[in-house]
Each structure stands twice: as structure tokens, then as C-alpha cells.
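> predicted coordinates and the sequence they were generated for:
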Amino acid sequence: MANFLANWDFFDRLAEVYGCWSGPLDNLDHRLLHLLTKDARRSTTDLAEELSVSRGTVQNRIKALLHTKVIHRFTVEFGQSEDDHQISAFTLIRLKADDGKVTVAALKRIDAITDIHTLSGNFDIVVELRTSSLKRLDGILDQIRALPDVAETQSHIRLSTAN
């Protein structure tokens, strides 16, 4: 945890860059964000106990962090068990001469895509997707390739995650 505490200014810089916080985050905000990044499902009672504050304080802080967009969303991370039967892949996308907004909007409508990021370098976008079979993956890749501004794709299936 000491390593994380030394990097708390990351959250301040993030909030400043996105213009979503009116001032620097305090020690309690940083500690709360750290706990939520480890397990966003923890109850406010558990968080309050660990932070040595009231449950109402935790609720108000989370509400303020959501309102000011320091916290953008809560999400689910899939398990890594061998019985998962989930295929996870990363697809790099090179666009034609487009700014990418239309393509990103179309990608957001594909349910299997879990993350979309813009890139610098040879490719413009990387998406992460999860599906139940290789046949379904192939169909989703066909959907991506059929988008009008997509010039090229390159896909990589995730074999494991290093922890």
C-alpha cells in the first residue's frame, strides 16, 4: 500500500486533466478510491470501518466523486477460471482518414466489446471483447471489419493474465 500512497497525485492529475474535480483530493478521498479500485462492491459500512469514518461520510464522498466525475463508472471484471469458457480478445483497428467518432460510436453498440481505447502509433483504436465461442468471435470481427471507416484489423486472443 505504501507504493500506492506515494502515487496518490495520479488521481489529482487525472481529475485536473478531465476537469472533473474542483480541488485536490484529500487523504480520505485517495484512501477511498484505493479501496474501491480493489473491490468496488464493498459495502459502505465496511469501507467506513476501514477508513475510520461514518457510513454517511463514505456515502457522501462516493456521491461527490460520482457527481464530479472522478469516478466514472463501476464495472465487473470477469473471473479467470479454466471453466469460464469465455474467449477474450484484443483487436487493433486502423482507420481510414476519419477522426474515429463514428467508428467508436458503432463499436459501443457491439455488446461483446468491453473496452475501447484510442491509440497513437500504427493503429488508431484497440478494443477488448469477450464472447462464448470462436465462431461468435469471428462474427464480431466481421462486424468490426464491415464498419465503413475501418481499413485494417489485427486480433489477438488472450491466453492468460499475468498478476
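Noted; the coordinates are in hand. Quantities reported herein were computed from a predicted structural model and do not represent experimental measurements.
> for the rest of this, base every contact and every neighbour count on C-alpha atoms.
Will do.
> in contact with the residue nearest in space to the middle of the chain, which residues?
Closest residue to the average C-alpha location of the chain: residue 115 at 6.2 Å, with C-alpha atoms, centre = their mean. Residue 115 sits next to 127-129 when contact means C-alpha atoms under 8 Å, 6 or more residues apart in numbering.
> any idea which helix or strand carries it?
Per DSSP states H and E: residue 115 is located in strand 113-118.
> alpha carbons of that strand, as PDB, please.
C-alpha atoms of strand 113-118 as PDB (Å, rounded to 0.1, in the frame of the first residue of the first chain):
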ATOM      1  CA  ILE A 113     -16.900  -5.200 -26.700                       C
ATOM      2  CA  THR A 114     -16.000  -4.400 -23.100                       C
ATOM      3  CA  ASP A 115     -13.400  -1.600 -23.600                       C
ATOM      4  CA  ILE A 116     -12.500   0.800 -26.300                       C
ATOM      5  CA  HIS A 117      -9.300   2.900 -26.300                       C
ATOM      6  CA  THR A 118      -7.700   5.200 -28.800                       C
END
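> for it, buried residues please.
Judged by neighbour count using 16 or more other C-alpha atoms under 10 Å, the buried positions of strand 113-118 are 113-114, 116.
> tell me which strands that strand pairs with, and in which orientation.
Partners of strand 113-118 in the sheet, by DSSP bridges, are strand 125-131 (antiparallel).
> can you list the residues that contact the strand it pairs with?
Counting contacts by C-alpha under 8 Å, 6+ apart, the residues touching strand 125-131 from outside are 86-94, 112-119, 137.
> check the secondary structure at the closest residue to residue 42 other than its chain neighbours for me.
Across the structure, with C-alpha to C-alpha, 6 or more residues apart in numbering as the measure, the residue nearest residue 42 apart from its sequence neighbours is residue 36 (7.4 Å). Taking DSSP: H, G, I helix; E, B strand; the rest coil as the rule, one finds residue 36 in the helix state.
> burial check on residue 36, number of neighbours?
Other residues near residue 36 come to 17 when the count uses other C-alpha atoms under 10 Å.
> quick check: it touching residue 46?
No: checked against C-alpha atoms under 8 Å, the pair residue 36 and residue 46 is beyond contact range at 11.2 Å.
> outline the domain layout of this protein.
Following automatic domain parsing, the chain resolves into domains at 2-67, 82-157.
> nearest to residue 75, of those domains?
The stretch from those with the least distance to residue 75 (C-alpha to C-alpha) is domain 2-67; that distance is 8.0 Å.
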